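mind looking at a prediction? Sequence and model below.
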Number of protein chains: 2
Amino acid sequence: MTRSSPLTDAGTPARIAASVLAADHRTAEGFDEWLAEQRARSVTDVRPVPLDALDGWSREAETGNYRHHSGRFFTIEGLDVHMADGPVRRWSQPIINQPEVGILGFLVKEFDGVLHCLVQAKVEPGNCNGVQLSPTVQATRSNYTGVHRGRTVPYLEFFRDSARHHVLADVRQSEQGARFYQKRNRNMVVETTEEVEVVDGFHWLTLGHLHRLLAIDNLVNMDARTVLSCLPFAGLRLADSFDVAGEDFRAALIRSCSQEAASAHSMAELLSWITERRVETDVYARRIPLRDVERWRYADGRITHETGRYFDVIGVDVAAGTREVSRWMQPMIAPHARGLVAFLVRDIEGVLHVLVRAHAEAGYVDVVELAPTVQCAPDNYAHLPESARPPFLGDVLAAPADRIRFDTELSEEGGRFHHARNRYVVVEADEDDDLEGPGFRWLTLHQVVNLLRHSHYLNIEARSLVACLHSLSAGPS
Amino acid sequence: MTRSSPLTDAGTPARIAASVLAADHRTAEGFDEWLAEQRARSVTDVRPVPLDALDGWSREAETGNYRHHSGRFFTIEGLDVHMADGPVRRWSQPIINQPEVGILGFLVKEFDGVLHCLVQAKVEPGNCNGVQLSPTVQATRSNYTGVHRGRTVPYLEFFRDSARHHVLADVRQSEQGARFYQKRNRNMVVETTEEVEVVDGFHWLTLGHLHRLLAIDNLVNMDARTVLSCLPFAGLRLADSFDVAGEDFRAALIRSCSQEAASAHSMAELLSWITERRVETDVYARRIPLRDVERWRYADGRITHETGRYFDVIGVDVAAGTREVSRWMQPMIAPHARGLVAFLVRDIEGVLHVLVRAHAEAGYVDVVELAPTVQCAPDNYAHLPESARPPFLGDVLAAPADRIRFDTELSEEGGRFHHARNRYVVVEADEDDDLEGPGFRWLTLHQVVNLLRHSHYLNIEARSLVACLHSLSAGPS
């Protein structure tokens, strides 16, 4: 038995910081050419097919649900939702039910004393641009138990037998609760000291390099972002690892990652607030047959809301791959409008805080998760009165350019969503506004990172934005 | 907005320690007489009634479920369970469905600089001995929303409006997953500096005094134990608050509460292990109509397993109270045998560790929780081969007296269970045994306390035992 002091992993945040500051490490050489080559060689041919004509899928006679003949992957079902405090109090909708917990994992290794992540150039059918950068492993349980006809997943063994390696993060996190019924994936970061052969389609990158790539539209995929957010990028005196002083945005951001930094609320207060929100929020969600969903219609081979809003359930015929090309058909969720995902942030006594919202979605396992300050598709609110719009939406949309610290369009996962893109924004709020109501709290980044060691605290959109915020810690390149 | 450093609550563990060491504080005077008086004045008349003759309850025609006419409180339903790795892989059983989250809360206040808890002498129909000591508040949502005909719950306002006070703990925790379907209660400890009038039936006690009372059979009730376990009784250099040195059991126990103490596993390793157990354990539990439960029979006014094992669902006619006497009828779960709940503990390099088990119960919200080393009703295994018995059951039953550090019979909650008693035991394991398998890990108490800030990590039986372990920190009286 090994003996660990609580400080065994104390060196990890400083090693993460060193990698964040190493954007120009020698492994960056040739990356752009590698990516261009992966793109050039990639095949993505995705054509619409009527839902009822998908090979391998069928509509169940009794329920109207769509399911694969193998009984695996996922099903499209219905969800009946009551949400006592929502702008809409009762509705039903199609939902993806995918009960298997998959693995999203970055393999990490030190070169020249600097941590590197092994990224994959991955084609997915829902990507708007073919190749995006994914974690080392992105595998559903079906992927590695043979339903995909036994094609092996490279590097999976590092995650299946993680006890042999150094586990930096290993936590199940939720995905979109408005589209998935209780879906969770296992987010892992595993460090190895073993020899790792880099197979075609993979590339080692420092965290600093990956952070720079986060500023490019639709390049770093959702799975990569959520895994990055779970890294323990917060530690005692982490600010010492960075050469910062003064009062600027970056200095406040880095102090926010230092465990000893003061915070607007103690962790006990925050946990109590989360408990209270979870107890007081009445959400009732029940799986129902897809055919019983109200106000949704099957027409022209797809399922559409009668108003034409929200999303469609479509069918696609896919030929995709970089190395090998696969062909298959599947249903996908195609949103109608680009979303907006934004954190208001603020320097409170020299420490950056983010304004999180206690937010209920029908598909969450545990009632409420912490979401970005604003998370919505603005178009879906255009027909509603001002009072029904999400709080702070106007502030974000009207923010002057010099208050916007991050602004990039990023894609949601391309395995289930078709061209789902959100604008991710970080906006500095006015220092004088007191913006906390019962549903909002200011958190430091070290508090966020501590919560991210556990399941079900931060939602997928907030985790993406946390990765984006971390990407600002190295400063402009 | 207040500004908190992460150390704002850093003084709390030392204040808890001071209260633990103050068993003989002046508030202890007169307690025994007060308790005797509460007992003498208490009324508990509980008579069996056939389930089908309960006033206010009926059996639903379609499902066979038992429900209250108001539609509230709880229902007795069925659960269909598949557990791939259990000694029994598939079964169905009656289960209590009580979706409301109630409040279990200790009100805490300093007198003469020493923290005191306000305990209640409470009569519950399932108690084997009438009065037991409960937290200040033990309220279902029905209690405080008027279903109980508006009788007010004393001190509830401190917990409903906790933001005005100092919240030491506030976390939803599970209850028996083999008897309840996803039941959770909100465990709260709230400190006030306001004047508190002590109404009849309540008494201020130091933690040290409460700890002494934990050694008395069936006195401190389950709800009090679980709330006590959620106190942040772990801090940096907590050992400095105690006058301990050397290598004895108590010194190792107190070092185990000190955050800086070395542990067999880092927190990252433990969280990864819990994630892995939750992903790898296949549990499938589905609510079914009670009438579809197999191998259970309605006979003689109760529901019984065909073997006569496990438990019965019975009906009772209750007249109970100390101050006011209420009368009502209700179903209850009556176990057939006394259970055994035990921690194996061990000094690892001067720090006490407890051997926890990753344990699945059908009613858990999140697959697996950490349980005591042994938790079972030994009688239920008498008919099964040795290999089907829980690991370490034999070790606990055969432990010599000088290895047994705690051994008390304590009751489970008296609102739903009839005379449910478990023997709670702490046994020192042999130092040379390596007892960890895939399902077991050695944890320090500070690791346990850190996990207890969050929901669904430690089950109700483990939490009770953690309170019992903490009660050993003051040493013999």
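In hand now; what should we look at? Numbering: from 1, shown residues only, chains lettered A, B, ... in the order given.

element containing residue A:79?
Take DSSP states H and E as the rule and residue A:79 turns out to sit in strand A:75-83.

can I get that strand in PDB? Just the C-alpha atoms.
Provided in PDB are the C-alpha atoms of strand A:75-83 (Å, rounded to 0.1, in the frame of the first residue of the first chain):
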ATOM      1  CA  THR A  75     -33.000   6.000 -28.400                       C
ATOM      2  CA  ILE A  76     -35.100   9.000 -29.200                       C
ATOM      3  CA  GLU A  77     -38.000   9.100 -26.700                       C
ATOM      4  CA  GLY A  78     -40.300  11.600 -25.200                       C
ATOM      5  CA  LEU A  79     -40.100  13.500 -21.900                       C
ATOM      6  CA  ASP A  80     -43.000  15.100 -20.000                       C
ATOM      7  CA  VAL A  81     -41.800  18.000 -18.000                       C
ATOM      8  CA  HIS A  82     -43.300  20.100 -15.200                       C
ATOM      9  CA  MET A  83     -41.100  22.900 -14.000                       C
END
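
all helices in the stretch 351-477 of chain A, in order from the N-terminus.
A:393-397, A:445-451, A:460-470 (DSSP state H, counting those that start in this stretch).

burial count for residue A:336?
The local packing of residue A:336 (other Cβ atoms under 10 Å in any protein chain shown) involves 15 other residues. Backbone N, C-alpha and C define where each C-beta goes, glycine included.

for it, give its distance to chain B.
Note on residue A:336: its distance to chain B, by Cβ to the nearest Cβ, to the nearest Å, is 34 Å.

how close does that residue sit to residue B:274?
Distance from residue A:336 to residue B:274, counting by Cβ to Cβ, to the nearest Å: 40 Å.

before we move on, what about residue A:329?
Residue A:329 is 38 Å from residue B:274, by Cβ to Cβ.

okay, these two: which has more neighbours?
Legend: neighbour count by other Cβ under 10 Å for residue A:329 and residue B:274, higher for residue B:274 (26 against 18).

which helices and strands sit right next to the longest helix seen in chain A?
Criterion DSSP state H: the longest helix present in chain A is helix A:267-280. Under the contact definition 3 or more Cβ pairs under 8 Å, 6 or more residues apart in numbering or on different chains; DSSP states H and E, helix A:267-280 sits against strand A:351-360, strand A:368-371, strand A:440-444, helix A:445-451, strand B:166-174.

the same query, at a cut-off of 7 Å, please.
strand A:440-444, helix A:445-451, strand B:166-174 (3 or more Cβ pairs under 7 Å, 6 or more residues apart in numbering or on different chains; DSSP states H and E).

to residue A:471, which of the ones you listed lies closest?
Of all these, helix A:445-451 sits nearest to residue A:471, with 12.2 Å by Cβ to Cβ.

how about that closest one as PDB, C-alpha atoms only?
Output in PDB follows, covering the C-alpha atoms of helix A:445-451 (Å, rounded to 0.1, in the frame of the first residue of the first chain):
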ATOM      1  CA  LEU A 445     -12.200  29.800 -10.100                       C
ATOM      2  CA  HIS A 446     -10.600  27.800  -7.300                       C
ATOM      3  CA  GLN A 447     -14.100  27.100  -5.900                       C
ATOM      4  CA  VAL A 448     -15.300  26.100  -9.300                       C
ATOM      5  CA  VAL A 449     -12.300  23.700  -9.700                       C
ATOM      6  CA  ASN A 450     -13.000  22.200  -6.300                       C
ATOM      7  CA  LEU A 451     -16.600  21.500  -7.200                       C
END
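
which residues of chain A lie near chain B?
Residues of chain A found near chain B (Cβ under 7 Å from any Cβ of the partner chain) are A:1, A:3-6, A:8-9, A:101, A:162, A:167, A:170-172, A:186, A:259-260, A:262-269, A:271-272, A:275, A:278-279, A:349, A:434, A:453-454.

buried ones among those residues?
Neighbour-count burial (16 or more other Cβ atoms under 10 Å in any protein chain shown) applied to these gives A:4, A:6, A:8-9, A:101, A:162, A:167, A:170-172, A:186, A:259, A:262-269, A:271-272, A:275, A:278-279, A:453-454.

ok, back up a step: most tightly packed of the helices of the stretch 351-477 of chain A?
Mean neighbours per residue, mean count of other Cβ atoms under 10 Å in any protein chain shown, is largest over the helices of the stretch 351-477 of chain A for helix A:460-470, with a mean of 26.

ok, now how distant is the closest residue to residue A:407 other than its chain neighbours from chain B?
Closest residue to residue A:407 apart from its sequence neighbours, by Cβ to Cβ, 6 or more residues apart in numbering or on different chains: residue A:425 at 5.2 Å. As for residue A:425, its distance to chain B is 24 Å (criterion: Cβ to the nearest Cβ).

pull the number of nearby residues for residue A:425.
Neighbours around residue A:425, by other Cβ under 10 Å: 24.

same deal with the one 3 residues further on?
For residue A:428, the tally of surrounding residues (other Cβ under 10 Å) stands at 19.

quickly list what it is bridged to.
In this entry, residue A:428 is beta-bridged to residue A:345, by DSSP bridges.

list the contacts of it.
Residue A:428 makes contact with A:345, A:346, A:403, A:405, according to Cβ atoms under 7 Å, 6 or more residues apart in numbering or on different chains.

quick one: which of the residues you listed is most hemmed in?
Going by other Cβ under 10 Å, residue A:345 tops the contacts of residue A:428 with 27 neighbours.

do a quick rundown of the helices in the stretch 151-300 of chain A.
Under DSSP H, counting those that start in this stretch, the stretch 151-300 of chain A gives helices at A:156-160, A:207-213, A:222-229, A:249-256, A:267-280.
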